[in-house]
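Trainee: attaching a predicted model along with its sequence, questions to come.
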Amino acid sequence: MSVQLNRREFGKASGLALAAAVLPVHGQAQVAKPPHRILKSTKFGMFGEKLPIAEKFKVMQEIGYDGVELNSPGGVNKDEALAASQETGFPIHGVVDSIHWGTRLSSPDKATRAKGLEGLKTAIRDTSKVGGSAVLLVPGAVRDAKNENPQQVWDRSVEQIHLAIPLAARMGIHILIENVWNGFLYDPKGDDNQTADQLAKYLDEINSPWVGSYFDIGNHQRFGKPAEWIRTLGKRIVKLDVKDWGKSNGFCKIGDGDVDWPDVRKALGEIGFTGWSTAEVGGGDRERIKEIHDRMDKYLLGKG
């Protein structure tokens with residue numbers, strides 16, 4: 001008998017399948033644990049060809065991606081995206097808060113913070129609509145010593161995130177904090193041996209099962225060692241962004257920078273990471289999208 005799952009059932013089934021891959025069979029505790037399953041995705045906007053949404057999904061599926069991530073507020077029509085996802089069986093695993101830089105939760109202006117909160121709530125609702133599981137959020141940015149300094153960014157963003165948690169919990173959506181070049185939770189003038197201790201402390205102060213880390217592997221290569229950040233953050237990491245950075249070439253193709261990919265793979269294994277990884281690099285046509293997929297396979301997953 002053929003059974004068709006709806007989007008929410010599909011997401012649950014996918015999660016159960018992942019869990020089954022890492023849980024030992026009862027009575028077989030001595031059996032070697034299989035490798036962790038890391039799912040591959042791109043940001044939808046990276047695929048630059050002018051095609052209908054469903055056609056883009058089919059191409060990405062054929063290349064070997066497991067899913068895709070959208071933007072919200074704005075971006076592609078979410079009803080059309082959901083229809084394309086259902087038609088192709090290609091999951092949308094979440095969205096990126098598209099206004100978090102310009103309409104910051106850390107803004108010194110109360111009205112701007114309120115708009116930022118509404119943007120986050122819109123992203124949570126849109127994620128739920130398309131069957132995703134999380135919203136990527138940049139919580140703020142250090143802009144000046146008087147009005148938007150590290151402590152103010154900390155306090156204001158924590159306050160606003162707490163206001164969004166009830167909605168996130170009700171809809172079953174994670175709010176995931178991305179580590180970015182925003183001058184927050186690291187020293188932008190510091191050396192390249194900084195740790196993830198401040199980020200871990202920030203997440204722990206929020207203290208919610210609905211808030212975690214969307215760890216970007218390449219973003220802080222300039223300031224620290226990604227594998228050590230992974231070890232420090234541990235189970236706080238729910239999803240991964242995948243990129244590379246090098247002293248001689250800045251942000252670059254995955255594998256062309258200074259990220260120690262073997263150590264990253266080792267660290268991910270040590271923390272038992274299972275879940276979504278999404279490339280966030282320069283996109284292009286389907287040949288470029290396939291190259292990105294193949295580089296994820298080679299450097300993130302150690303294939304080939």
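Mentor: Good, I have the coordinates.

Trainee: so who does Lys115 touch?
Mentor: Lys115 makes contacts with 99, 103, as judged by CB atoms under 8 Å, 6 or more residues apart in numbering. C-beta here means a position set from N, CA and C on the backbone, and glycine is covered the same way.

Trainee: kindly report the same for Lys235.
Mentor: Contacts of Lys235 (CB under 8 Å, 6+ apart): 271-272.

Trainee: below-threshold pLDDT in the stretch 151-300 of the chain: ranges please.
Mentor: Counting by pLDDT under 70, the stretch 151-300 of the chain contains no low-confidence range.

Trainee: state the distance from the nearest residue to Ile271 once chain neighbours are set aside to Gly212.
Mentor: Leaving out its chain neighbours, the residue that sits closest to Ile271 by CB to CB, 6 or more residues apart in numbering is Gly234, at 4.8 Å. Gly234 sits 11 Å away from Gly212, taking CB to CB, to the nearest Å as the criterion.

Trainee: next one: Arg125
Mentor: Note on Arg125: its distance to Gly212, by CB to CB, is 19 Å.

Trainee: same check, this time on Asp109
Mentor: 28 Å.

Trainee: between these two, tell me which one has more neighbours.
Mentor: Gly212 (20 against 13; other CB atoms under 10 Å).

Trainee: and the more buried one, how far is that from Ile173?
Mentor: Taken as CB to CB, the span from Gly212 to Ile173 is 12 Å.

Trainee: before we move on, back to that, and the residue nearest to Ile271, how many neighbours?
Mentor: By the criterion of other CB under 10 Å, Gly234 has 15 neighbours.

Trainee: that one in helix, strand or coil?
Mentor: Three-state call for Gly234 (DSSP: H, G, I helix; E, B strand; the rest coil): helix.

Trainee: just the one 4 residues further on next, same as before
Mentor: Using three-state DSSP, the secondary structure recorded for Val238 is strand.

Trainee: Thr112 contacts Ser106, correct?
Mentor: No. Taking contacts as CB atoms under 8 Å, Thr112 lies outside contact range of Ser106: 9.4 Å.

Trainee: these two: which is more packed in?
Mentor: Ser106 (29 against 15).

Trainee: you'd agree the more buried one is in a helix?
Mentor: No. Remark: Ser106 does not belong to a helix; assigned using three-state DSSP, it is coil.

Trainee: pretty sure it sits against Leu137.
Mentor: No. Look at Ser106 against Leu137 with CB under 8 Å: they stay out of range, at 11.4 Å.

Trainee: list the buried residues of stretch 159-167.
Mentor: In terms of neighbour count (16 or more other CB atoms under 10 Å), stretch 159-167 has its buried residues at 160-161, 164-165, 167.
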